[in-house]
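Asker: How does the following fold in three dimensions:
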Amino acid sequence: MSEFQIGNLFYLVLLGAAVTMWFIAQNRNSLGRTLQHAMVWGLIFLGVVAAVGLWSDIRSTVLPQQSVLAEQGQIKLPRAPDGHYYLTADVNGHPTRFVVDTGATEIVLSAEDARAAGIADDDLIFSGRAYSANGPVATAPVTLESLAVGPIEDRNLRAWVNEGEMNISLLGMSYLQRYDRIEITDGALVLTR
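Answerer: The predicted structure is shown next:
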């Protein structure tokens with residue numbers, strides 16, 4: 001510890017002692033009840049300090065993140081609390097969140113994600129039809145310049161833009177079949193090239 005830090009520590013201890021003495025003097029008639037309240041607030045303070053200190057561990061448990069092992073050509077997607085697997089990929093250089101959907105045949109972008117990836121609404125021709133759980137929807141074919149997950153990149157991919165309401169884009173089998181192995185192990189979906 002430097003002299004400056006020792007001086008600061010001494011000042012804080014002295015200030016804490018003065019506040020404690022003032023607190024005791026002001027509440028000497030109901031000291032038992034006041035000490036109970038002080039202990040409760042002290043425990044709340046310690047709980048907040050512990051939560052802040054452990055926040056990165058808590059966040060990784062509650063919201064696990066995908067990992068890319070480039071040298072192994074592997075992407076590991078932890079199962080989300082809702083039971084699905086989500087992948088964030090750069091579509092034409094823009095980060096886009098997908099739900100991995102083995103029930104979907106193609107890559108399907110929401111209209112919002114398509115715009116964010118630089119696909120103009122005027123360029124879309126909704127000539128296709130897809131059948132979802134909510135019934136038929138119009139789709140427009142597009143070609144994605146790139147879809148990258150870390151260093152793993154695919155170029156000139158065929159995809160579809162959904163005209164209907166979609167909360168999240170879908171990563172279907174046309175993308176997943178580019179991997180040699182797809183497995184679920186230890187609560188994670190592992191894609192290996």
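Asker: chain center to stretch 167-186, what's the gap?
Answerer: Chain-centre distance of stretch 167-186: 18 Å, with CA atoms, centre = their mean, to the nearest Å.
Asker: I'd like the C-alpha coordinates of it written as PDB, please.
Answerer: Only the C-alpha atoms of stretch 167-186 are listed here, as PDB (Å, rounded to 0.1, in the frame of the first residue of the first chain):
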ATOM      1  CA  ASN A 167     -39.600 -11.700 -33.200                       C
ATOM      2  CA  ILE A 168     -36.400 -13.300 -34.300                       C
ATOM      3  CA  SER A 169     -34.700 -14.700 -37.400                       C
ATOM      4  CA  LEU A 170     -34.500 -18.400 -38.000                       C
ATOM      5  CA  LEU A 171     -31.400 -20.400 -38.800                       C
ATOM      6  CA  GLY A 172     -32.600 -23.500 -40.600                       C
ATOM      7  CA  MET A 173     -31.200 -26.700 -42.100                       C
ATOM      8  CA  SER A 174     -29.800 -25.100 -45.200                       C
ATOM      9  CA  TYR A 175     -27.200 -23.500 -43.000                       C
ATOM     10  CA  LEU A 176     -26.900 -26.300 -40.400                       C
ATOM     11  CA  GLN A 177     -26.100 -28.900 -43.100                       C
ATOM     12  CA  ARG A 178     -22.800 -27.000 -43.800                       C
ATOM     13  CA  TYR A 179     -21.400 -28.600 -40.600                       C
ATOM     14  CA  ASP A 180     -20.000 -32.100 -40.500                       C
ATOM     15  CA  ARG A 181     -21.400 -32.800 -37.100                       C
ATOM     16  CA  ILE A 182     -24.200 -31.400 -35.000                       C
ATOM     17  CA  GLU A 183     -24.600 -32.700 -31.500                       C
ATOM     18  CA  ILE A 184     -26.200 -31.800 -28.200                       C
ATOM     19  CA  THR A 185     -24.000 -32.500 -25.200                       C
ATOM     20  CA  ASP A 186     -23.900 -31.200 -21.700                       C
END
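Asker: contacting residues around that stretch?
Answerer: Contacts of stretch 167-186 with the rest of the structure, by CB atoms under 8 Å, 6 or more residues apart in numbering, involve 86-87, 89, 96-110, 113, 147, 154, 157-158, 189-193. (Glycine included, C-beta is placed from N, CA and C.)
Asker: the domain parsing of the protein - what is it?
Answerer: 3-60, 65-192 (automatic domain parsing).
Asker: Now render the ones you listed as a markdown table, adding mean neighbour count.
Answerer: Output for those, formatted as a markdown table (neighbours: other CB atoms under 10 Å):
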| stretch | mean neighbour count |
| --- | --- |
| domain 3-60 | 10 |
| domain 65-192 | 16 |
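Asker: could I get those domains as a markdown table with mean pLDDT?
Answerer: Formatted as a markdown table, the domains of the chain follow (pLDDT from 0 to 100):
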| stretch | mean pLDDT |
| --- | --- |
| domain 3-60 | 79 |
| domain 65-192 | 90 |
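Asker: pretty sure residue 161 contacts residue 114?
Answerer: Yes. Residue 161 lies in contact with residue 114 (CB atoms under 8 Å); the separation is 4.4 Å.
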